[in-house]
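A.B. asks: Sharing a model that was predicted from the sequence below.
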Amino acid sequence: MIDSHIHLDDRRFDADRSQLLVEARQTGITGFVVPATMVSGFAKIKALAHEHDDVFPAYGLHPYFVHQHQPNDLQILADFLQNNQAVALGECGLDFYRDDLDRNKQQVFFEQQLEMAKDMDLPLILHVNGAVQAVFELLKKHQYFNAVMHSFNGSAEQARQITETGVILGFGTAVVNPNARKLHQVIKSVALEHMVIETDAPDQPLYNNKNGRNLPVCLWQVAEFIAEQKDIAVTQLIQACDDNCRRVFAL
């Protein structure tokens with residue numbers, strides 16, 4: 001089982017990262033796609049991927065940190081992608097949930113990364129918090145749909161329109177919340193060939209563990225819950241999601 005989105009480089013994992021990876025592998029989690037968020041984190045992710053064969057790096061500029069990104073960071077990103085192995089460009093995108101993030105600057109950085117991915121024929125790992133439609137409109141503008149919308153939070157109708165273009169939707173620990181009924185309907189509506197599973201760990205801890213960390217092993221709860229919602233065997237769900245991961249990220 002492959003985690004399509006996990007921030008293993010996060011400092012909150014520094015004390016016990018190796019042990020958590022061992023525990024995850026022992027349960028059958030066989031791969032970890034680790035997207036960067038800032039230029040300052042590129043080297044750490046590269047080192048993790050070098051140390052662990054099952055860690056797959058991606059590099060990008062996250063909209064959360066738009067006020068810290070510098071114009072030259074785009075050139076640094078381009079150079080890094082040219083000179084280092086990466087399975088994707090990301091995490092990038094838009095975040096309209098937070099009011100303190102400059103939307104215009106977000107769009108400038110995102111569109112340049114979108115074009116960069118298109119030029120390099122790399123898939124995108126997309127952040128779409130409160131901005132599903134805005135991100136989709138920019139994908140259409142640039143006619144590039146080789147992408148995973150991480151932590152999808154749109155409607156079933158948006159999911160239908162987006163997956164028709166070939167974009168993959170990522171679902172994580174938010175789905176396990178029994179009150180996330182809208183998300184449960186989306187999950188039921190999305191075909192297996194259009195979804196992957198993720199943790200986003202250490203972020204997005206399970207609804208009943210708000211003060212703790214999300215952990216790599218929590219991917220199992222995501223898989224089991226989605227399989228139950230779709231009324232299929234968990235092995236069938238895992239196989240489909242793994243196949244999708246391998247296809248989009250060329251693993």
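C.D. replies: Nice, thanks for sending it over. Numbers count the residues shown, from 1 in each chain.
A.B. asks: Now do the helices in the protein.
C.D. replies: 17-26, 42-51, 71-83, 103-120, 132-142, 156-163, 181-189, 219-230, 234-249 (DSSP state H).
A.B. asks: and those as CSV, adding distance to Leu61, mean pLDDT and mean neighbour count?
C.D. replies: Quick note: C-beta positions are derived from backbone N, CA and C, even for glycine. Output for the helices of the chain, formatted as CSV (distance: least, CB to CB, whole Å; pLDDT from 0 to 100; neighbours: other CB atoms under 10 Å):
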stretch, distance to Leu61, mean pLDDT, mean neighbour count
helix 17-26, 24, 97, 15
helix 42-51, 10, 98, 17
helix 71-83, 6, 97, 14
helix 103-120, 6, 98, 18
helix 132-142, 15, 98, 17
helix 156-163, 22, 98, 18
helix 181-189, 27, 97, 16
helix 219-230, 26, 98, 19
helix 234-249, 19, 98, 18
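A.B. asks: Tabulate those (JSON lines), appending distance to Val33.
C.D. replies: Shown next, in JSON lines, are the helices of the chain (distance: least, CB to CB, whole Å):
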{"stretch": "helix 17-26", "distance to Val33": "13"}
{"stretch": "helix 42-51", "distance to Val33": "10"}
{"stretch": "helix 71-83", "distance to Val33": "15"}
{"stretch": "helix 103-120", "distance to Val33": "15"}
{"stretch": "helix 132-142", "distance to Val33": "19"}
{"stretch": "helix 156-163", "distance to Val33": "19"}
{"stretch": "helix 181-189", "distance to Val33": "20"}
{"stretch": "helix 219-230", "distance to Val33": "12"}
{"stretch": "helix 234-249", "distance to Val33": "6"}
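A.B. asks: so which of those helices gets nearest Gly60?
C.D. replies: Gly60 lies closest, by CB to CB, to one member of the helices of the chain: helix 103-120, at 6.0 Å.
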